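Asks: Fold the stuff below for me.
(chains A, B, C and D)
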Number of protein chains: 2
Amino acid sequence: MTPTDAPTTPARGSAPLNRAAVLAAGVALADREGLATVSMRRLSADLGVVPMALYKHVSDKDDLIAGMIDLVVAGFAAPPLGLEWREGVRQRVLAARDALREHPWLRPAIEAASQRTPAVLAHMNAVAGELAGGGFSYDLVHHAMHALGHRIWGFSPEAFSTRPAPGSPAPPVPSLEEQQAMMGAMAQQYPHIAGVVIDTATRHPLGACDDQFEFEFTLDLLLDAFARLHETGWESRAAG
Amino acid sequence: MTPTDAPTTPARGSAPLNRAAVLAAGVALADREGLATVSMRRLSADLGVVPMALYKHVSDKDDLIAGMIDLVVAGFAAPPLGLEWREGVRQRVLAARDALREHPWLRPAIEAASQRTPAVLAHMNAVAGELAGGGFSYDLVHHAMHALGHRIWGFSPEAFSTRPAPGSPAPPVPSLEEQQAMMGAMAQQYPHIAGVVIDTATRHPLGACDDQFEFEFTLDLLLDAFARLHETGWESRAAG
DNA sequence: TCGAGAGGTGTACGGCGTACACCTTGGCCG
DNA sequence: CGGCCAAGGTGTACGCCGTACACCTCTCGA
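Replies: Presented below is the predicted three-dimensional model:
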């Protein structure tokens, strides 16, 4: 060892490390080499640090992935305010799609995640807000969101009912007061999602949203559209 | 040890074991405890056998999962022949959905798989065949299949272009003769997929299918449908 | 000056997929 | 009938993984 050696902790470029840097490095690694290679060990090596060091900044690997998702989703391009609803939805959905194409790991990551994260909820709220701002009833907003879900994400995320990731212990049931408090907080942050929830509750007192109906609703929309195109001789472009 | 002990190899209920039994046990385990608990070690324990024994029947874990997928997909209920196209598509898509609901691990498994398996291709071919049988041009069949993709599977599977699972070595490029031979075999087994491919090739000489166009095509179909519903005051059922 | 907390470290455990060499057994052929 | 051979189950081992837990070492405010 030379007298100029670094202190006991190896010289790491500068500032110690923080959650944002860990998440950004995770996104960069996933972009470069795919989600499968994002392991705590590999990511820590990229950061010049020992694996366990990451646990000072993320609580576990699920938290890391959730943070990476939120980092990207929060960066979705937002259209200008005041667009006509159709254009607003269109631009938001296409912005989401752009990000999904730029980060191919994002869709599988969102699909595999068991919980919706704040940025994801915010995005869904913004899309619902465009429709509501166009005068849609929350009933129609609800069903349009379901139909769009597959477009926005490539799959249909349920905003609330989260499958409990089979094999994990059942989470504690929140009390009625806790539920009401959560709803209140929700309504503040995600008013359009709350609008959908409330509208649904008035129509379906048992609270469940009829998944099968959602599915057939969208399917029939598409089939009707196909029938119209067929009848009018639509084609995508002149054949060679 | 008593004189009545079993022979050196432990008594396994009967017939030795075979690929079908391994796949069926995999499906049963995934149904019971989720895809994540399907490990070679755990599955082998369920079968009363040592982990490496499975490798005599599946080539690796990917092959196991692919076999499980095909086992379920091949069991999709097929509607009677001679239905009007709309009803034929409807029943096939809903049959696929039923299976996806019965086997919640199936969708993630198909999404994670890098290759379409034969039963999956056969299902897609059958749906395309319903449309073609209804007089759809293959141009419209093509785009309708893309639009339906998200409905059929909950995501949009590309039938051919498979993302190469980042980090894996590039597969060998097939020769032109091999490609033509594969196309010939495809056309025999999956005539409607072949029809789409050929129609696309005539419209887009460079061979690529315009993913962005597909996406916006479906999105605009949905948005038009939403606009119509909105204008006519549609609601899903009378409010409370 | 010193104590505490933030943050990086080292070791260890149990689980994973699977390569490789081995052994047992049933059936076929000479 | 004897011997062989392949099919199929076994045992060991390796290098990954996530992460629990105890520890060490700076930095900074009191």
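
Asks: Only the buried residues of the helix or strand harbouring residue A:197, if you could.
Replies: Using DSSP states H and E, residue A:197 maps to helix A:191-203. Neighbour-count burial for helix A:191-203, counted by 16 or more other CB atoms under 10 Å in any protein chain shown, picks out A:192-197, A:199-200, A:203. From N, CA and C alone the C-beta is placed, and that goes for glycine too.

Asks: now what about whichever strand or helix holds residue A:213, what contacts it?
Replies: Assigned by DSSP H and E, residue A:213 belongs to helix A:211-231. Residues outside helix A:211-231 that contact it (CB atoms under 8 Å, 6 or more residues apart in numbering or on different chains): A:143, A:146-147, A:150, A:156, B:86, B:89-90, B:93-94, B:97, B:131, B:134-136, B:140, B:144, B:147-148, B:151, B:218, B:221-222, B:224-225, B:236.

Asks: low-scoring stretches of chain A, by residue?
Replies: Across chain A, residues meeting the criterion (pLDDT under 70) sit at A:1-15, A:150-174, A:206-211, A:237-240.

Asks: Name the surrounding residues that touch stretch A:48-67.
Replies: A:10, A:12-13, A:17-19, A:22-23, A:26, A:38, A:40-41, A:43-44, A:47, A:109, A:112-113, A:115, A:117.

Asks: which residues does the residue positioned nearest the centre of chain A contact?
Replies: Relative to the mean C-alpha position of chain A, the nearest C-alpha, by CA atoms, centre = their mean, is the one of residue A:120, at 3.5 Å. Contacts for residue A:120 (CB under 8 Å, 6+ apart) come out as A:69-70, A:73, A:110, A:157.

Asks: Tell me where chain A has helices.
Replies: Taking DSSP state H as the test, the helices found in chain A are A:19-33, A:40-46, A:61-73, A:85-102, A:106-112, A:118-133, A:138-153, A:176-189, A:191-203, A:211-231.

Asks: Just send the ones you listed back as a markdown table, with distance to residue B:214 too.
Replies: Putting those into a markdown table (distance: least, CB to CB, whole Å) gives the following:
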| stretch | distance to residue B:214 |
| --- | --- |
| helix A:19-33 | 24 |
| helix A:40-46 | 35 |
| helix A:61-73 | 23 |
| helix A:85-102 | 11 |
| helix A:106-112 | 16 |
| helix A:118-133 | 20 |
| helix A:138-153 | 11 |
| helix A:176-189 | 34 |
| helix A:191-203 | 28 |
| helix A:211-231 | 13 |
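
Asks: which of those sits most buried?
Replies: helix A:138-153 (a mean of 23; mean count of other CB atoms under 10 Å in any protein chain shown).

Asks: What angle do helix A:211-231 and that one make with each other?
Replies: Put simply, helix A:138-153 runs at 70 degrees to helix A:211-231, going by axes from the mean of the first three to the mean of the last three CA atoms, to 10 degrees.

Asks: From the contact counts, what lies against helix A:138-153?
Replies: On a contact count with 3 or more CB pairs under 8 Å, 6 or more residues apart in numbering or on different chains; DSSP states H and E, helix A:138-153 meets helix A:85-102, helix A:106-112, helix A:118-133, helix A:191-203, helix A:211-231, helix B:138-153, helix B:211-231.

Asks: nearest to DNA strand D, of those helices?
Replies: helix A:106-112 (13.1 Å; CB to the nearest atom of the strand).

Asks: Quickly check: that closest one near DNA strand D or not.
Replies: No. Applying CB under 7 Å from any atom of the strand, one finds helix A:106-112 out of contact with DNA strand D, separated by at least 13.1 Å.

Asks: starting at the chain centroid, how far to that helix?
Replies: 8 Å (CA atoms, centre = their mean, to the nearest Å).

Asks: Just the CA trace of that helix, in PDB.
Replies: Taking Å, rounded to 0.1, in the frame of the first residue of the first chain, the C-alpha atoms of helix A:106-112 are listed here in PDB:
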ATOM      1  CA  LEU A 106     -40.900  -1.600 -17.800                       C
ATOM      2  CA  ARG A 107     -44.000  -3.500 -18.900                       C
ATOM      3  CA  PRO A 108     -43.000  -6.900 -17.500                       C
ATOM      4  CA  ALA A 109     -41.900  -5.100 -14.300                       C
ATOM      5  CA  ILE A 110     -45.200  -3.300 -13.900                       C
ATOM      6  CA  GLU A 111     -47.000  -6.600 -14.600                       C
ATOM      7  CA  ALA A 112     -45.000  -8.500 -12.100                       C
END
